[in-house]
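A.B. asks: A structural model of the following input is requested.
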Amino acid sequence: MTKRPFARLAALCSAVLCGLAANAPSPAQAEEQAFRIGIAPHTSARVIIEQYQPVRRAVEAALGRPVEIVTAPDFTAFARRAVEQEYDIAVTTGHQAEMLRKDAGYLPLLTYKSDFRAVLVTAAKGPYQTVQSLAGTTVLGLSPSSLVTLWGQHWLADRKLPNIQLRYVSAADSVAQLILAGDASAGFMSLANRAKLAPEVQAQLSTIAESRSMAGRVYMLNGKQAAVLEPLRKALFAFGETAEGRTYFDANQLGGYRPVTDEELEAMEPLADEVRSVLKAGK
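C.D. replies: Residues are numbered from 1 along each chain as shown. Reported below is the predicted structural model:
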């Protein structure tokens, strides 16, 4: 007789626990609830995730919800994922930002104050110190839709260098390593990423060419999140005025945040069209 109440109680508890488990979000649902900030893969995923933690914390505090930093294997995959609405914020260079604005409903949030430039680097003690010496060699880029690579391809085409083989690699630090190992004559990267290389690596590189200033890393908000556009912009500018924000800008030589205009994004339309061509070709 005494066992039955306990049996009923055990069954009741089991039912309650099953009900709670049924109502609990699955890991996939919990992940979907996180606000996703996608960072274009200008360097390794580990460095990107570490570098953007201060930004993640600022956005998390502003929105009151979990925020995660994610990236992609290369710039083309990043552009494709952004077009497919995988990011709540996409942080990418101006030509992809313009494409996302025109084609995928993203809204400009802000950009950095520091200039964004592309550079062509080579081994300081190597044989490839002039433009002409690159003829018949392998030159490295980041991916067919990266801004520094597109600039570099135009730079090479304008100089009509024969028999250049352009090879794509994953990140700026890989570009430097392969050049110093003698696997390529030179490579394209951003000036900011050159400055982020280890001092001993920087010392072994020299610069053959440098671009004009271009629209650099732009924060683009997914149009589905339009309701938080102004609050988020204010929160990010406020973060920039904090000690943590200033440390973040100084460590990455970013200079702070500033507004980004439709006009400066519109100027990137020719290169945005090249990204569209890459995506259409399925490269």
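
A.B. asks: neighbours of the closest residue to residue 58 other than its chain neighbours, just the number please.
C.D. replies: Counting by Cβ to Cβ, 6 or more residues apart in numbering, residue 58 lies nearest to residue 239, which is 3.8 Å off, once chain neighbours are set aside. (C-beta placed from N, C-alpha, C; glycine too.) As a burial measure, residue 239 scores 20 neighbours (other Cβ atoms under 10 Å).

A.B. asks: Torsion angles phi and psi at residue 107?
C.D. replies: phi -120, psi 130 (degrees, to the nearest 10).

A.B. asks: do you know how far it is from residue 188?
C.D. replies: Plainly put, residue 107 is 29 Å away from residue 188 if you go by Cβ to Cβ, to the nearest Å.

A.B. asks: Pick out whichever of those two has more residues nearby.
C.D. replies: residue 188 (27 against 16).

A.B. asks: didn't residue 72 look like it was pressed against residue 41?
C.D. replies: Yes - the pair residue 72 / residue 41 is scored as a contact, 5.5 Å apart, by Cβ atoms under 8 Å.

A.B. asks: Overlap in contacts, those two.
C.D. replies: The contact sets of residue 72 and residue 41 overlap at residue 78 (Cβ atoms under 8 Å, 6 or more residues apart in numbering).

A.B. asks: more crowded one of these two?
C.D. replies: Shown here are residue 72 and residue 41; by other Cβ under 10 Å, residue 41 has more neighbours (24 against 20).

A.B. asks: Worst mean pLDDT across the helices and strands of the chain, which element?
C.D. replies: The weakest-scoring helix or strand in the chain, judged by mean pLDDT, DSSP states H and E, is helix 3-23 (a mean of 39).

A.B. asks: Just the buried positions in the helix or strand containing residue 177, please.
C.D. replies: Element membership of residue 177, judged by DSSP states H and E, is helix 172-180. Within helix 172-180, the residues that count as buried by 16 or more other Cβ atoms under 10 Å are 172-176, 178-180.

A.B. asks: Residue 91 in helix, strand or coil?
C.D. replies: strand (DSSP: H, G, I helix; E, B strand; the rest coil).

A.B. asks: can you tell me how far it sits from residue 241?
C.D. replies: Counting by Cβ to Cβ, the gap from residue 91 to residue 241 is 20 Å.

A.B. asks: between those two, who's got more neighbours?
C.D. replies: Neighbour totals were compared for residue 91 and residue 241, and residue 91 leads with 26 against 10 (other Cβ under 10 Å).

A.B. asks: In a strand, residue 108, correct?
C.D. replies: Yes - assessed by three-state DSSP, residue 108 belongs to a strand.

A.B. asks: Contacts only, for the closest residue to it other than its chain neighbours.
C.D. replies: Residue nearest to residue 108 in three dimensions, not counting chain neighbours: residue 260, with 4.8 Å by Cβ to Cβ, 6+ apart. Applying Cβ under 8 Å, 6+ apart to residue 260 gives the contacts 97, 108-111, 215, 218-219.

A.B. asks: Between which two of those is the distance greatest?
C.D. replies: Farthest-apart pair in those is 109 and 215; separation 13.3 Å (Cβ to Cβ).
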